[in-house]
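In: Okay, here's the prediction I keep looking at, along with the sequence it came from:
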Amino acid sequence: MTTGVEPYVQLREKLSKRDRSLREKVMSLEEATKFVRDGDTVGIGGSTMSRTPMALIWQLIRDRRKELSCSRCIISTDGDLLFGSGVSNHIETSWFAQGILWGLSKVMRHNVESGGARYDEWSHMAMGMRYRAGGMGVPFLPIRSMLGSDVERIRPEAKEIDCPFTGERLLLVPALNPEVALIHVQRCDAYGNAQIDGLQFMDIDLALAANRVILTTERIVSNDQIRRAPDQTKIPFFCVDAVVEVPYGSAPHECFGVYEPMLAHMDAYVRQVNKDPVGAMQDYLEKYFYEPASWNKYLELIGMEEVLEASRRGRSIYND
Amino acid sequence: MTTGVEPYVQLREKLSKRDRSLREKVMSLEEATKFVRDGDTVGIGGSTMSRTPMALIWQLIRDRRKELSCSRCIISTDGDLLFGSGVSNHIETSWFAQGILWGLSKVMRHNVESGGARYDEWSHMAMGMRYRAGGMGVPFLPIRSMLGSDVERIRPEAKEIDCPFTGERLLLVPALNPEVALIHVQRCDAYGNAQIDGLQFMDIDLALAANRVILTTERIVSNDQIRRAPDQTKIPFFCVDAVVEVPYGSAPHECFGVYEPMLAHMDAYVRQVNKDPVGAMQDYLEKYFYEPASWNKYLELIGMEEVLEASRRGRSIYND
Amino acid sequence: MTDTRNYTASEILAVLSSRQLTDGQVVFAGVGIPLLAATLAQRLDCPGLTILFEGGVVGAFVEPGKLPPSTNDQRCTKRANMVLGSADVLLLLQRGYVDVGFMGGAQIDQFGNLNSSFIGDPAHPKTRLPGTGGGNDISSLTNMIVAMKHEKRRFVEQVDFITSPGFIRGGRSRAESGLPMGGMFRVITELAVFGFDDTDRRIKVLALNPGVSREEVQDNTGFDLTFDDQLGTTEPPTEKELATLRVLDPERLFIG
Amino acid sequence: MTDTRNYTASEILAVLSSRQLTDGQVVFAGVGIPLLAATLAQRLDCPGLTILFEGGVVGAFVEPGKLPPSTNDQRCTKRANMVLGSADVLLLLQRGYVDVGFMGGAQIDQFGNLNSSFIGDPAHPKTRLPGTGGGNDISSLTNMIVAMKHEKRRFVEQVDFITSPGFIRGGRSRAESGLPMGGMFRVITELAVFGFDDTDRRIKVLALNPGVSREEVQDNTGFDLTFDDQLGTTEPPTEKELATLRVLDPERLFIG
């Protein structure tokens, strides 16, 4: 559930207790998701179908975590899976669907319309400013959107003010400091210094805002490699608590420069769950989430053909 | 002079009239400084002795511009030259000196203590948040520093509030939207898409905040080169009004990865102006600023030996 | 060209929308028809059109046949001028760098308010729609072009929920709500092109599409329409427009 | 080691300051002695010390003989873990990622307030000093170590101007001013090591440096000093500390 804005002293207290020293923190998926507790607020990196921390969500679902309150700038398949598996009953985001190719999410609709789960809507920029306020250590940031709309009306958590400088109407959006952030990157070192290629979405603000951060990465590189181009580091090691090397860690979504979305799998998934957002979702979870012995076995089910085709398309961004 | 926070409608009006189309805007130093008018507020990129837009300041001094109200996160030699030449009589910054190797700025002291010029002091983070508010299009940002200090007491332009979410005391710092920003970068294209290596200081926020931006660049690259790595672009072309290719455009200061400060020249400069912050400053300006026929002639006065030595040290950052 | 329509509803939507853009503008485009229409304009009369996408893309150049499934996909970034954070690209609108916002719409009302959040009572919705995404921000901060299908259930007197504000309750209510800038500029459907009255801010028909009657537009609209005194007829899509469009979307993902 | 001092005032300042740091900490260091002392600690007992600089540097590793003339120079970034904007590195303090702020001081008072802005009346100053830089932010947001020269005119009862807040007027006045976190932790001079009383927040001498008497410290201080009940004596710099320090600053830029 939403906890409101965390008092500054409490936020600082949590951070002061965190081990921020330069230390190796490479572990397995199973170990990493221990940083998530039932009932936690969880911020999810990436956006829509891009750099989704799917392997971490896969593991959390296998762990049968409960009552996670999740947030993401734009949520898609991952939102379906979190609601459908019962891991989450509350999502804060600006947009929740499979994307224009597949239309509305029947899984979201079923869960929200039945009252079983909550989807709290904010504007996209408001979500960004909430993470940014959290990362800056301030309780709010001012914005000039949402005003006058029903998106504002149903979010009393945001507050209108008259600007003390100009008299203009502004909306103050409350800081969002998730207990845990889940973020997938192209590469990081064993300490958690992460480099992100291409679209960064809200990941940098999210990493700074969260009280704990779990990183999955396509590959772990040496700290020397990081230090040769420090201006490419996007997330500093001291806000990272766990590093897991998971190739194709966003599958069936995309990871910039490495693979595009696995469209055949997405097509099949949407066809399946839209027929029956409860039973067919359970079948899907059974086959792809609970049964495989490992993440690599899950990828095997998606299939070599599709993984390689997605990789060919993903790498083509650099063919120029 | 400080104009206070610009009303939103007025700020938008100015921007809507600006030509933001994709167009070439390469010109000479002389043409570029025409974007600065007497009395303008001017934001200066870089910090201390790094990526100072020295060639633009050199040209503004040659143009004998008047009553510029300047701002920079930390100002050094450039502040001396702006005050000493009479181009500026007001500087907003967090720190004004030659740097630890050369101590206090006697030029600043003379001009401020005599009442001839104003130095308005803000904390470093406050300066950053003022540019950031300006770049975001909001009238203020909240911070948790300056409170309780005399830096706050002498800045009634900032306003304390009790947070409407947490009841905590916060300081709201007013947006700073300079009429013109002067920024030096390692490379940009003819449209003004700029890439910055290494320390970026506050240049991105400053570029977005300003109502006009003049870029100088070590070299102009093709738009194709920019488009091959769009995630390396730090300033988008549509907030740039002029592009000037000026190799060693920060001399005698440094430009990350290209040259370090020209220390012998800095030593000689400080020795000269500290003896007599008026007369000796005039002599310095005469010799290095007014008399040379061109920027390259100015570099010639600094000397080949020193320029090459600074380049050797500057490039060594990549020797790894 | 005769009345024999050699184009789909989505095609005329894309073509007419693209004509609303001017060379040199900065346009923030949503996925689907807006992305396609902006790209079409860029390929035809507006080579200097700057296209922004919500994922954090500035100055995009979408490749033919490689249309992105969302504006947060890597395909949006190929040969772009800049890639930045997705909150930061929206802040560019707030600062004022963007001339036009360009989106699709699920439901619109007489004051140009858009609903993409709820059908029915938000507390117990009949249908929970995807939500605003950046729609609320874009429509709050700049001048809007909306391209959408013309159906009676989509053109209603008052939307169930204002997701993306148009002129709110008309008159000066938008500015009084704290939105002094921007507002609805044009709505394009397969039947007509709409503008908004300068004073009361109600929608009005500016031009009918080729072969479309006043009655047909009114019959497909859930409230009484006003027709402009100088009601015009839009020029049908040219062969060049259609050919270029079809090269961009050879799989007909968005042009139907 | 005997009382025959084989080190300069700046050297003992650097060595004693470096001992205040603990392995695994995140320290924000100013230029000069702080940068040097933090680097010394990193080379000796604190290999896992993370050093931040105001220019926007995270996890720096300064090379011997290549000390930067400011913390905004490229030399600060060589082999760093991350480089970011200079406002953003200060925001890391506000968020709470930093354990210790570490700076020099021009003038300090009994409550640990620092002045680097004005000598005399700010409206008509006798001397306009450089100003705060990040000093105000750092001292507002975290626990502080200050390394400075011990002179009577620098250790005053009340500073002319609070540039960087210590405990303001003592007691709870710091928290009541809106600064609930951090505060002065240690002040190191060539004569002594100082802490602050937990309740009234006045400065007190914790330990005298080798060969320094109570009287010498008091004589060089502009107000009446309190000496801790368990007043100690600092261990003199070891050969290893001095040798390492001198390798870092072979040109003696900062160690005098």
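Out: Cool, got the structure.
In: quick one: low-confidence parts of the stretch 1-150 of chain C?
Out: C:1-4 (pLDDT under 70).
In: residues from it in reach of chain B?
Out: By Cβ under 8 Å from any Cβ of the partner chain, the residues of the stretch 1-150 of chain C that approach chain B are C:23-26, C:48, C:50, C:57-59, C:61, C:77, C:79-84, C:91-92, C:94-97, C:99. In this view, the C-beta of every residue, glycine as well, is placed from N, C-alpha and C.
In: near chain D, which residues of the stretch 151-300 of chain A show up?
Out: Checking the stretch 151-300 of chain A against chain D by Cβ under 8 Å from any Cβ, the hits are A:191, A:193, A:208, A:223, A:226-228, A:230-231, A:233, A:236-239.
In: Also within reach of chain D: list those from the residues of the stretch 1-150 of chain C next to chain B.
Out: Of those, not one also sits near chain D (Cβ under 8 Å from any Cβ).
In: So in that sheet, which strands flank the helix or strand containing A:Arg187, and in what orientation?
Out: Assessed by DSSP states H and E, A:Arg187 sits inside strand A:180-188. Note on strand A:180-188: by DSSP bridges, its sheet partners are strand A:41-44 (parallel), strand A:194-195 (antiparallel), strand A:213-220 (parallel).
In: Adding mean pLDDT and mean neighbour count, write those strands out as CSV.
Out: CSV is the format used below for the strands paired with strand A:180-188 (pLDDT from 0 to 100; neighbours: other Cβ atoms under 10 Å in any protein chain shown):
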stretch, mean pLDDT, mean neighbour count
strand A:41-44, 98, 28
strand A:194-195, 98, 24
strand A:213-220, 98, 24
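In: Out of these, which is closest to B:Thr217?
Out: Of all the strands paired with strand A:180-188, strand A:194-195 sits nearest to B:Thr217, with 25.3 Å by Cβ to Cβ.
In: Enumerate the residues of the stretch 101-250 of chain A near chain B.
Out: Counting by Cβ under 8 Å from any Cβ, the stretch 101-250 of chain A sits next to chain B at A:137-144, A:159, A:161, A:163-166, A:168, A:170, A:172, A:174-175, A:197-200, A:228, A:231.
In: Whichever of the residues you listed end up buried, select them in PyMOL.
Out: The PyMOL command for the buried members of these (criterion: 16 or more other Cβ atoms under 10 Å in any protein chain shown) is given here:
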select buried, chain A and resi 137+138+139+140+141+142+143+144+163+165+166+168+170+172+174+175+197+198+199+200+231
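In: which of the residues of the stretch 101-250 of chain A next to chain B are close to chain C?
Out: Checking these against chain C (Cβ under 8 Å from any Cβ), the matches are A:143-144, A:168, A:170, A:198-200.
In: Let me see the contact set for C:Gly134.
Out: Neighbouring residues of C:Gly134 by Cβ atoms under 8 Å, 6 or more residues apart in numbering or on different chains: A:94, A:123-125, C:28, C:30, C:54, C:90.
In: Serialize these to a markdown table and add fields for distance to chain D and neighbour count.
Out: Formatted as a markdown table, those follow (distance: Cβ to the nearest Cβ, whole Å; neighbours: other Cβ atoms under 10 Å in any protein chain shown):
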| residue | distance to chain D | neighbour count |
| --- | --- | --- |
| A:Ser94 | 24 | 29 |
| A:Ser123 | 23 | 33 |
| A:His124 | 22 | 28 |
| A:Met125 | 19 | 34 |
| C:Phe28 | 25 | 30 |
| C:Gly30 | 30 | 24 |
| C:Glu54 | 23 | 31 |
| C:Leu90 | 19 | 28 |
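In: Now, these that are in helices?
Out: A:124-125, C:90 (DSSP state H).
In: show me what contacts the residue of the stretch 101-250 of chain C found nearest chain D?
Out: Residue nearest to chain D within the stretch 101-250 of chain C: C:Asp137 (23.2 Å; Cβ to the nearest Cβ). Counting by Cβ under 8 Å, 6+ apart, C:Asp137 touches A:123-126, A:145-146, C:90, C:93-94.
In: Wasn't it part of a helix?
Out: Yes. Under DSSP: H, G, I helix; E, B strand; the rest coil, C:Asp137 falls within a helix.
In: Quick check: it vs chain B, distance?
Out: 12 Å (Cβ to the nearest Cβ, to the nearest Å).
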